[in-house]
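*Asks:* turn this into a structure:
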Amino acid sequence: MLSGNEWSHYWPAFPALIPALWGLMLMFFVPWLNQKTDRRWLWGVSLVGMALTFAVPAMMLSDIRDRGAATQALGMGSEMMVRADQFSLWLNLIFAAAGFLALMIMPQYLERAKAHHGE
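*Replies:* Residues are numbered from 1 along each chain as shown. Modelled structure (predicted):
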């Protein structure tokens with residue numbers, strides 16, 4: 001198990017990891033759902049993922065503003081591989097907001113098309 005200090009090395013990678021892992025989790029479990037099962041609840045699960053995708057860069061942005069520097073994450077061989085600065089975090093916030101808007105529009109489209117697929 002990683003201690004608190006070791007988690008701080010991976011913190012800059014979280015804005016990229018959270019949406020990727022959340023989407024993989026959804027895509028992993030959806031095929032096991034029965035075809036006759038109502039899949040509209042997946043929309044709510046997706047909203048939670050987008051909220052996390054928005055919250056993590058927002059928290060990191062306030063932390064970086066206070067310190068005034070970028071953070072980096074360790075990769076293979078203790079090399080710095082992931083860098084999170086103000087610009088990248090603002091881009092993460094913009095992408096998360098765009099994803100949230102797409103999720104807000106999606107239910108009406110799916111009702112018209114009668115297609116509630118997890119993908």
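*Asks:* from here on, just use CA atoms for contacts and neighbour counts.
*Replies:* Fine.
*Asks:* buried ones in stretch 47-56?
*Replies:* Gly49, Met50, Ala51, Leu52, Thr53, Phe54, Val56 (16 or more other C-alpha atoms under 10 Å).
*Asks:* Pro12 is in contact with Val82, correct?
*Replies:* Yes - using C-alpha atoms under 8 Å, Val82 is in contact with Pro12, at 6.5 Å.
*Asks:* which one of those two has more residues nearby?
*Replies:* Between Val82 and Pro12, counting by other C-alpha atoms under 10 Å, Pro12 is the more crowded of the two (24 against 18).
*Asks:* pull the helix or strand with minimum mean pLDDT from this structure.
*Replies:* strand 71-74 (a mean of 60; mean pLDDT, DSSP states H and E).
*Asks:* how about the host helix or strand of Ala102: buried residues?
*Replies:* Element membership of Ala102, judged by DSSP states H and E, is helix 86-113. Within helix 86-113, the residues that count as buried by 16+ other C-alpha under 10 Å are Gln86, Leu89, Asn92, Leu93, Ala96, Ala97, Gly99, Phe100, Leu103, Pro107.
*Asks:* pLDDT check: weakest of these?
*Replies:* For these, the minimum pLDDT belongs to Pro107; the value there is 76.
*Asks:* OK, contacts around that one?
*Replies:* Trp43 (C-alpha atoms under 8 Å, 6 or more residues apart in numbering).
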